[in-house]
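Below is the structure, and that's it, no one-letter string:
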């Protein structure tokens, strides 16, 4: 099929010239075919994206191919997982015992004895009995925020974790609040479902204990 178009000649008169109808697939309105430059750019981009994955695959492949490497990696991952679990248990305990409210001292007692061994329970309950009158008299409260926890020592199923807690305490003497960092040393027995067998730092900075945490300034 042909179409006729009127074209002005150099003499100014119009003449009819026939042009073949263009196939849209071969014109600019059709699908463009990628040129050599675009192909090289796409290939270069794909390589840049894939390169880190290739390097990682080669490294891990070499490790797994090495004698005993798989066992070493599994042992390392297992140790890290267990230490993370120990740190989580110790952090939860330290944070809960750092939250104190003179209006709910029985709740604090429950937090102190939750998850601890039968041998340790009487010691912690005795600490509550000693400081409770002071807490009530001074209208003591404390809010806490976990800062960090680190498994500092392991011996078989015994794990020792250092926990650092940011505390803000208030009382009649310090109504605006005093900020301090409390450090807890929590010793746990993994074999008995992470039972807490010893804890140091409980009562730090509480009235009547004679201990004081590291002050970090008021708030």
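That came through, no problem. From a predicted model like this one, the values you see are computed outputs, not experimental measurements. Numbers count the residues shown, from 1 in each chain.

Run through the strands of this protein in chain order.
With DSSP state E, the ranges of strands along the chain come out as 2-8, 14-20, 100-101, 141-155, 158-170, 178-189, 195-200, 214-218.

mean confidence for the second one?
Mean per-residue pLDDT for strand 14-20: 45.

Below-threshold pLDDT in the chain: ranges please.
For the chain, the stretches flagged by pLDDT under 70 are 1-68, 203-219.

Pull out the buried positions in stretch 153-161.
Of all the residues in stretch 153-161, those buried under the rule 16 or more other Cβ atoms under 10 Å are 159-161. The C-beta positions use only the backbone N, C-alpha and C, and glycine is treated the same way.

so, if you compare the residues you listed, which one comes nearest to residue 148?
residue 161 (10.4 Å; Cβ to Cβ).

Which residue lies closest in space to that closest one, excluding its sequence neighbours?
Distances taken as Cβ to Cβ, 6 or more residues apart in numbering put residue 90 closest to residue 161, at 3.7 Å, once the chain neighbours are dropped.

show me what contacts that neighbour?
149, 161, 163, 184, 186, 188, 196 (Cβ atoms under 8 Å, 6 or more residues apart in numbering).

what's the distance between the nearest residue to the fifth one once chain neighbours are set aside and residue 106?
For residue 186, ignoring the flanking residues on the chain, the nearest one in space by Cβ to Cβ, 6+ apart is residue 90 at 3.9 Å. Plainly put, residue 90 is 23 Å away from residue 106 if you go by Cβ to Cβ, to the nearest Å.

With residue 136 instead?
For residue 136, the distance to residue 106 equals 12 Å [Cβ to Cβ].

go on, residue 153?
Distance of residue 153 to residue 106, given as Cβ to Cβ: 33 Å.
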